[in-house]
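Novice: Next input, structure requested:
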Amino acid sequence: MTGHPSEEEFDAWRDNPITRWVMRAALKAAEANREAWISASWDNGEADPALLGEYRTRADAYRALSETSYDKWLELNESDEEAAARLGSVE
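Specialist: From the prediction side, this is the model:
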């Protein structure tokens with residue numbers, strides 16, 4: 001495959017059993033980081049902002065893997081030339 005996958009190819013990738021397996025693990029990792037944040041802040045009474053920020057950042061990143069739309073992935077992967085063309089066509 002060259003360039004960007006089509007939306008149909010992306011959807012097929014999302015529906016692949018291995019992809020679903022990996023995304024399920026990512027969501028479990030997000031939940032584990034949320035639980036670690038709760039444990040550190042509530043149960044242990046630790047107010048280390050760096051530690052809590054790290055737990056939240058990890059959880060957000062894991063969730064983003066499975067929640068990001070095709071259009072957003074396309075935007076994140078576009079080249080400078082593609083971005084310029086897209087922005088130029090809006091004006």
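
Novice: Please count neighbours and contacts with C-alpha atoms only from this point.
Specialist: OK.

Novice: Least confident secondary structure element in this protein?
Specialist: helix 80-90 (a mean of 72; mean pLDDT, DSSP states H and E).

Novice: hey, where'd the helices end up in the protein?
Specialist: Taking DSSP state H as the criterion, the chain carries its helices at 7-15, 17-38, 49-67, 70-77, 80-90.

Novice: List the buried residues for the longest one?
Specialist: Of the residues in helix 17-38, those scored as buried under the neighbour-count criterion (16 or more other Cα atoms under 10 Å) are 23, 26-27, 29-31, 33-34, 36-38.

Novice: can I have it written out in CSV, keeping just the CAs?
Specialist: Written as CSV, here are the backbone C-alpha positions of helix 17-38 (Å, rounded to 0.1, in the frame of the first residue of the first chain):
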residue,chain,number,x,y,z
PRO,A,17,-9.7,-9.7,15.0
ILE,A,18,-6.1,-9.0,15.8
THR,A,19,-6.7,-5.2,15.7
ARG,A,20,-9.8,-5.7,18.0
TRP,A,21,-7.6,-7.8,20.3
VAL,A,22,-4.9,-5.1,20.5
MET,A,23,-7.4,-2.3,21.0
ARG,A,24,-9.1,-4.2,23.8
ALA,A,25,-5.7,-4.5,25.5
ALA,A,26,-5.1,-0.8,25.0
LEU,A,27,-8.5,0.0,26.7
LYS,A,28,-7.6,-2.3,29.5
ALA,A,29,-4.2,-0.5,29.9
ALA,A,30,-6.1,2.8,30.0
GLU,A,31,-8.3,1.5,32.8
ALA,A,32,-5.3,0.2,34.7
ASN,A,33,-3.7,3.7,34.5
ARG,A,34,-7.0,5.2,35.7
GLU,A,35,-7.1,2.8,38.6
ALA,A,36,-3.4,3.6,39.4
TRP,A,37,-4.3,7.3,39.4
ILE,A,38,-7.2,6.7,41.8
